[in-house]
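J.: Show me how the following folds:
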Amino acid sequence: MRRIFFILTACLYMEVHSNGYPSPAKYIGMVYVEPGEFVMGSADGFEYERPRNILHLKGFYIDKYEVTNKQYKIFIDAIGHPAPLHWRKAVYPSGRDNFPVVNVSYYDAEKYARWTGKRLPTEQEWEKAARGNDGRIYPWGNDWKNKVANVKPTLGLWSGPLVIGSYPGGASPSGCFDMAGNVWEWTSSWFAPYPGNILLEKFSTVFRGQKYKILRGGSFKTTRSMSQSFRREVLEPDKFQNDAGFRCVKDW
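T.: A predicted model of the protein is given here:
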């Protein structure tokens, strides 16, 4: 049932383009999202996804792919952090090196991000990296395309997560993969109504405190409409699920 309250980085060298932006190749495995305006939210989504606003963000780097089992294993071995529940003796299932790590809480993801010198994205940063500047519905555009995202099929059951980057045709304008489907992704943002949402602000007592963290992007369990780039899901930060992982960002 859907809830509505919902590696390691190797530094190469500094190179600044003639337009003043840093080199996209500054950090291995990351892409640069340029500063500027973008469209966030939707006028047609659920009430907690409204209103549609134009926001401005500074530039940042974001992982091209979701963090994998192999990357997460390096982290837990290095500091003795507990492994995801489904791993046996702190070892992930055989043959799943490049599958996204799942069954990690927000706190697990945040600790990994800090250990790599990164952080988790805000939901604003995540949405800009997924939608670009033109307010598109999906990372690749406004219309659904087949075979560009790992989402629940129209008929039948889901199969599970896939190797990161399995659908290159579904890349976002910034060059990120799997931002629709595969696994939900933790953000650092607490759930709250968007500014200007008068209806939800009337019920402000419901949203007081910091109880739910926002996840973005849908998963292999969600339909294509529930994997649109403005969709919001929530989960308590100490909880985890088998279709939720994360990617990281880094400031310039």
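J.: drop to CA atoms for contacts and neighbour counts, all remaining ones
T.: Noted.
J.: which residues of the stretch 1-150 of the chain score low on pLDDT?
T.: Along the stretch 1-150 of the chain, the model assigns pLDDT under 70 to residues 1-25.
J.: which stretches of it form strands?
T.: Remark: strands assigned in the stretch 1-150 of the chain by DSSP state E, counting those that start in this stretch are 30-33, 36-40, 53-57, 60-63.
J.: can those strands go into TSV with extra columns for mean neighbour count?
T.: Below are these laid out as TSV (neighbours: other CA atoms under 10 Å):
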stretch	mean neighbour count
strand 30-33	23
strand 36-40	19
strand 53-57	14
strand 60-63	24
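J.: Turn the ones you listed into JSON lines, including distance to residue 157.
T.: Formatted as JSON lines, the strands of the stretch 1-150 of the chain follow (distance: least, CA to CA, whole Å):
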{"stretch": "strand 30-33", "distance to residue 157": "33"}
{"stretch": "strand 36-40", "distance to residue 157": "31"}
{"stretch": "strand 53-57", "distance to residue 157": "35"}
{"stretch": "strand 60-63", "distance to residue 157": "29"}
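J.: Between the ones you listed, which one is closest to residue 165.
T.: Across these, residue 165 has its closest neighbour in strand 60-63 (11.8 Å, CA to CA).
J.: got the buried residues for stretch 188-199?
T.: 188-194 (16 or more other CA atoms under 10 Å).
J.: same thing with stretch 91-107?
T.: Across stretch 91-107, burial judged by 16+ other CA under 10 Å covers 92, 97-106.
J.: So what would you say the end-to-end distance of that stretch is?
T.: Criterion CA to CA, to the nearest Å; first-to-last residue distance in stretch 91-107 is 20 Å.
J.: Renumber starting at 5 from here on
T.: Got it, the first residue is 5 from now on, which makes the last one we talked about stretch 95-111.
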